[in-house]
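Asks: 3D model of this:
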Amino acid sequence: MDTLIDDTGIRLARRIRIERDARGWSLAELAERSGVAKATISKIERSDVSPTAVILVRLAAAFDLTLAGLLARAEGSGERVSRAADQPVWHDPETGYMRTQVFSRPAHPVELVRVEMPPGQRVTLPASSYAMIRQTLLVLEGALVITEGGERHELATGDCLGFGPPADTTFANESAAPCTYLVALARS
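Replies: Numbering: from 1, shown residues only. All right, here's what the predicted structure looks like:
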């Protein structure tokens, strides 16, 4: 985790607190449901630190949301057009992974996310982050290795992968160049 420095991080911190309060959960209860330390959640809610992708996924899952859903609620947009200049960008302070929420609306079943993965980096997300969603990934530039439930998929520019049943999944850029990919998520 790192220090929050942007408006997206501040809105996200507020949203996590709103989601927790709306459910009547204490910090301890959210910690138990998410597997994230109570002290860490407190620091996130106070905007003292920026959570990693893995922590955000755990918190979103505890709220029965996708990561995209949590970020969309933090942004609060209801417009049908998603202007490039208004698309929220989030950086994982641990890996440098940059996630742009291209399109997400509460009333629409499809979400689009653009990710830039730095060379030599990896992010592992638990199976719970894929509950109640289906997703497809298209590599726009570079190479990406996805290990989904023990099955390894090596993808190059233009390759597309439709994900299987929820499983622990690692997204790894094993190359020396950045990788950019687009993820389409559909709520099931």
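Asks: and the closest residue to Leu71 other than its chain neighbours, backbone torsions?
Replies: Among residues not flanking Leu71 along the chain, Gln101 sits closest, at 5.2 Å (C-beta to C-beta, 6 or more residues apart in numbering). In this view, the C-beta of every residue, glycine as well, is placed from N, C-alpha and C. Main-chain dihedrals, Gln101, degrees, to the nearest 10: phi -80, psi 90.
Asks: Contact partners for Gln101?
Replies: Applying C-beta atoms under 8 Å, 6 or more residues apart in numbering to Gln101 gives the contacts Ala68, Leu71, Ala72, Glu75, Gln87, Pro88, Val89, Trp90, Glu111, Val113.
Asks: Tell me which entries of those residues lie within helices.
Replies: Judged by DSSP state H, the contacts of Gln101 include Ala68, Leu71, Ala72, Glu75 as members of helices.
Asks: and the gap between the residue nearest to Leu71 and Arg134?
Replies: As for Gln101, its distance to Arg134 is 18 Å (criterion: C-beta to C-beta, to the nearest Å).
Asks: Please produce a ChimeraX select command covering the buried subset of the contacts of Gln101.
Replies: Here is the ChimeraX command that selects the buried residues among the contacts of Gln101 (16 or more other C-beta atoms under 10 Å):
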select :68,71,72,75,87,88,90,111,113
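Asks: Identify the farthest-apart pair in the contacts of Gln101.
Replies: The distance between the two most remote of the contacts of Gln101 (C-beta to C-beta) is 15.1 Å, for Val89 and Glu111.
Asks: number of nearby residues for Ala131?
Replies: 12 (other C-beta atoms under 10 Å).
Asks: ok, now how distant is the closest residue to it other than its chain neighbours from Ala127?
Replies: Distances taken as C-beta to C-beta, 6+ apart place Pro166 nearest to Ala131, at 5.6 Å, with adjacent residues excluded. Distance of Pro166 to Ala127, computed by C-beta to C-beta: 4 Å.
Asks: The two: who's more crowded?
Replies: Between Pro166 and Ala127, counted using other C-beta under 10 Å, the more crowded position is Pro166 (17 against 14).
Asks: So the more buried one sits against Ser128, correct?
Replies: Yes: if you go by C-beta atoms under 8 Å, Pro166 and Ser128 touch, sitting 7.3 Å apart.
Asks: all helices of this structure, in order?
Replies: Going by DSSP H, the chain shows helices at 7-22, 27-34, 38-45, 53-62, 67-75.
Asks: and of these, who's closest to Gly96?
Replies: The nearest among the helices of the chain, by C-beta to C-beta, is helix 53-62 at 10.8 Å.
Asks: what's the domain layout of the protein?
Replies: Using automatic domain parsing, the domains assigned to the chain come out as 7-74, 81-187.
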